[in-house]
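Trainee: following is a predicted model, sequence given first.
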Amino acid sequence: MAHPATPILDRIAGPADLHALSDAQLALLAKEVRAEVISVVSETGGHLGSSLGVVELAVAIHAVFDTPRDKLIWDVGHQCYPHKILTGRRDRMRSLRQGGGISGFTKRSESEYDPFGAAHSSTSISAALGFAVARDLGMPTGEAIAVIGDGSITAGMAYEAMNNAGDMHKRLFVILNDNDMSIAPPVGAMSRYLNQLNNGAPFAALRAAAEGIEASLPGPLRDGARRARQLITGIPGGGTLFEELGFTYIGPIDGHDMAQVLATLRTARARATGPVMIHALTVKGKGYPPAEHALDKYHGVGRFDVESGTQAKSKSNAPSYTGVFGTALANAAALDTRIVAVTAAMPSGTGVDIMAAKFPARVFDVGIAEQHGVTFAAAMAAAGLRPFVAIYSTFLQRGYDQIVHDVALQGLPVRFAIDRAGLVGQDGATHAGAFDVGFLADLPGMVVMAAGDEADLVHMVATAAAYDDGPIAFRYPRGEGRGVEVPSPGEILPIGKGRVLRQGDDLALLSFGAHLGECLIAADLLEADGISVTVADARFAKPLDTDLITQLVRHHKAVITVEQGSAGGFAAQVLHYLANSGGFDRGAVVRTLTLPDRFIEQASPAAMYLDAGMTAQDIRLLAQTTLQAATA
Ligand SMILES: Cc1ncc(C[n+]2csc(CCOP(=O)(O)OP(=O)(O)O)c2C)c(N)n1
Ligand SMILES: CC(=O)[C@@H](O)[C@H](O)COP(=O)(O)O
Ligand SMILES: [Mg+2]
């Protein structure tokens with residue numbers, strides 16, 4: 001498909017060029033940027049709907065503020081494509097989210113216009129406050145501007161930051177990009193509150209907390225602002241939640257009306273003395289009908305045909321781990337009314353939407369609130385329910401103190417279903433599920449499992465459902481399974497017992513999790529080299545199958561552990577066991593294959609594992625050198 005005509009955008013080398021454009025030209029530029037975003041993402045895939053919703057905001061912010069001296073922070077960063085196009089990265093946009101290409105998020109190492117990286121949500125106001133304080137302490141930095149979505153502002157961290165910023169009365173600008181969508185429809189009382197602020201306020205109306213700001217607005221907007229204030233609060237000058245927190249609140253404004261957005265930003269910039277909250281109403285997917293009309297507003301899409309909006313379907317050979325989990329959970333919930341599920345704003349990403357369709361009263365979307373979700377589940381477990389907390393590995397990091405303090409210390413039987421374990425592909429290092437085994441297996445009383453294939457995942461759901469003795473976790477990767485037959489129902493696995501899939505004499509591969517397939521391929525390669533290989537699936541990092549490990553060490557010249565996670569995970573557990581049980585004293589030869597001690601950059605998952613040195617060929621080479629060392 002031909003690229004769109006973009007005569008104004010073609011003349012923009014960077015944000016400074018926007019300062020020379022008239023307001024009318026800026027409005028035209030926004031149209032061109034929108035067309036460019038659609039064209040780019042149709043070729044690369046990515047977070048289309050969110051980026052389309054902030055086109056006017058991105059153009060206006062760069063026209064009014066002075067980046068990169070002024071620090072512009074996009075919360076999550078998944079909506080940053082217009083910003084990247086305007087900040088000198090247009091020529092590389094068609095490498096978006098690919099190996100060696102432009103990141104799908106903001107990234108400090110990529111551009112001086114990305115002053116603070118992101119990908120996990122709700123960090124932007126804290127970061128903006130940090131820059132504002134640094135400025136006021138004499139650092140060479142200008143204004144601080146955070147753009148945060150209505151979904152991301154549901155997280156506790158955003159309130160911690162507003163609480164602090166309002167109290168410190170630091171001059172900074174928060175733009176609330178309210179498109180009434182998270183990945184799924186937004187949930188929670190805050191979402192209702194924002195809708196209440198929106199309802200009844202005429203679109204042309206600005207609501208300014210400070211009379212001074214209202215007075216300095218152009219006439220029609222000023223009247224609208226006063227009307228909106230009275231409509232919302234019933235009293236002129238009454239406070240919104242944001243005002244109570246110490247912010248000057250302006251809005252709601254139409255985030256797609258360039259004149260309104262420019263007037264508001266200019267006025268706020270000219271008059272603000274403390275923190276300002278600008279509430280902009282936007283439409284996720286704005287300007288591209290297939291996105292605007294889709295249920296998910298094209299939050300994250302693959303490549304698509306621009307004319308029809310039809311997305312390219314990836315060929316799938318086996319069901320996805322997420323789908324297998326979701327179905328197994330729904331089946332388990334049908335048999336046991338004590339089973340409940342918690343998701344932190346990702347019902348479809350985690351597959352709990354399958355259970356929600358059947359048992360809506362037992363599935364809780366808590367919003368982007370992983371910390372709350374974990375503690376909420378802990379109390380449900382304390383009351384006798386059987387909660388499954390389904391959270392991606394990378395986002396579970398947010399709930400770690402709650403896992404330690406509220407779950408593990410109290411020995412509560414919360415079931416953690418940890419999706420996206422291992423390398424995930426185009427979302428890159430920020431979304432890698434690298435650390436969960438390390439941070440869970442060191443907790444007293446925690447059971448930690450990893451599924452070697454999708455059949456094992458079904459068994460692990462059954463095992464977790466039946467396990468009431470304390471917390472239990474199971475991890476599985478993004479993407480499709482190995483194509484093995486999926487049982488229903490699953491079997492309850494003996495806790496702390498692994499399995500042997502293939503018996504050999506020379507070397508043992510001890511796999512933990514979904515690299516089992518790679519181990520089996522490596523075993524074939526090694527057999528062809530004349531090396532006889534045992535492949536075992538540990539299933540448990542905690543408690544360890546110490547009998548299995550002892551047998552493998554005793555009956556092979558060497559053992560290699562393999563896992564899709566960082567050092568400090570499964571291998572560390574095995575090494576501790578062997579060290580303390582005297583295994584090494586008796587000459588055990590052991591090597592570990594984990595993710596290397598660096599963050600792996602975005603690419604396809606296969607390319608990321610190649611970069612990490614974790615392919616079947618890498619296992620084969622490690623096996624050969626290890627055997628040489630063992631027999632030298
Ligand atoms: C801590 C954390 N949890 C979950 C996510 C997954 N996530 C990415 S974007 C998103 C929704 C954000 O909604 P909003 O801020 O309203 O932005 P929109 O997509 O509507 O533009 C979620 C839940 C995340 N990035 N970080
Ligand atoms: C921006 C973000 O954090 C999510 O949208 C994420 O990209 C979802 O990834 P999955 O495609 O793995 O669900
Ligand atoms: Mg939103």
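Mentor: Cool, got the structure. Residues are numbered from 1 along each chain as shown. Ligands and ions are numbered 1, 2, ... in the order given.

Trainee: the helix or strand hosting T625 packs against which elements?
Mentor: T625 belongs to helix 616-631 when assigned by DSSP states H and E. Applying 3 or more Cβ pairs under 8 Å, 6 or more residues apart in numbering; DSSP states H and E, one finds that helix 616-631 contacts strand 507-512, helix 516-528, strand 558-566, strand 590-595. Using the backbone N, CA and C atoms, a C-beta is placed for each residue, glycine as well.

Trainee: most packed of those?
Mentor: strand 507-512 (a mean of 30; mean count of other Cβ atoms under 10 Å).

Trainee: pLDDT averaged over the helix holding T625 - what is it?
Mentor: Helix 616-631 comes out with an average pLDDT of 97.

Trainee: need the residues of the stretch 301-450 of the chain near ligand 1, please.
Mentor: When proximity is defined as Cβ under 6 Å from any ligand atom, the stretch 301-450 of the chain approaches ligand 1 at 344-346, 368, 395, 398.

Trainee: what's the nearest residue to the residue of the stretch 401-550 of the chain found nearest ligand 3 if we skip its chain neighbours?
Mentor: Relative to ligand 3, the nearest point of the stretch 401-550 of the chain is D427 (18.1 Å; Cβ to the ion). Spatial nearest neighbour of D427, excluding adjacent residues (Cβ to Cβ, 6 or more residues apart in numbering): G104 at 6.4 Å.

Trainee: how many neighbours does that neighbour have?
Mentor: G104: 27 surrounding residues under other Cβ atoms under 10 Å.

Trainee: does it belong to a helix, a strand or coil?
Mentor: coil (DSSP: H, G, I helix; E, B strand; the rest coil).

Trainee: quick one: it and M93 touch, right?
Mentor: No: the criterion here is Cβ atoms under 8 Å, and G104 misses it with M93 at 10.8 Å.

Trainee: and the residue of the stretch 201-350 of the chain closest to ligand 2?
Mentor: Going by Cβ to the nearest ligand atom, ligand 2 is nearest to G349 of the stretch 201-350 of the chain, at 3.8 Å.

Trainee: pretty sure that residue contacts G323?
Mentor: No: assessed by Cβ under 8 Å, G349 is found out of contact with G323, at 11.4 Å.

Trainee: enumerate the residues of the stretch 51-200 of the chain near ligand 3.
Mentor: Applying Cβ under 5 Å from the ion, we find that the stretch 51-200 of the chain lies next to ligand 3 at 149-151, 179, 181.

Trainee: before we move on, the earlier item: closest to ligand 1 out of the helices and strands packed on helix 616-631?
Mentor: Per Cβ to the nearest ligand atom, nearest to ligand 1 of the helices and strands packed on helix 616-631: strand 558-566, 19.2 Å.

Trainee: and the closest one, how far out from the chain middle?
Mentor: With Cα atoms, centre = their mean, to the nearest Å as the basis, strand 558-566 stands 26 Å off its chain's centre.

Trainee: what mean pLDDT does it get?
Mentor: 98.

Trainee: tell me the strands beside it, with direction?
Mentor: Partners of strand 558-566 in the sheet, by DSSP bridges, are strand 507-512 (parallel), strand 590-595 (parallel).

Trainee: contact partners of the last one?
Mentor: Outside of strand 590-595, the residues within contact range by Cβ atoms under 8 Å, 6 or more residues apart in numbering are 423, 432, 434, 553, 558-567, 569, 571, 574-575, 578, 583-584, 612-614, 618-619, 622, 626.

Trainee: do you know the pLDDT at the residue of the stretch 501-632 of the chain found nearest ligand 1?
Mentor: Residue of the stretch 501-632 of the chain nearest ligand 1, by Cβ to the nearest ligand atom: Q602 (15.0 Å). Per-residue confidence (pLDDT) for Q602: 98.

Trainee: got it, and P236?
Mentor: The predicted local confidence for P236 is 42.

Trainee: so where's the stretch 451-600 of the chain uncertain?
Mentor: Scanning the stretch 451-600 of the chain for pLDDT under 70 picks out nothing.

Trainee: scratch that, the chain is what I was asking about
Mentor: Counting by pLDDT under 70, the chain contains low-confidence ranges at 199-238.

Trainee: got the buried residues for the biggest helix by length in it?
Mentor: Ranked by residue count under DSSP state H, the longest helix found in the chain is helix 23-44. By neighbour count with 16 or more other Cβ atoms under 10 Å, helix 23-44 contains the buried residues 26-44.

Trainee: and it, what does it pack onto?
Mentor: Against helix 23-44 (3+ Cβ pairs under 8 Å, 6+ apart) you get helix 48-52, helix 55-64, helix 81-84, helix 258-271.
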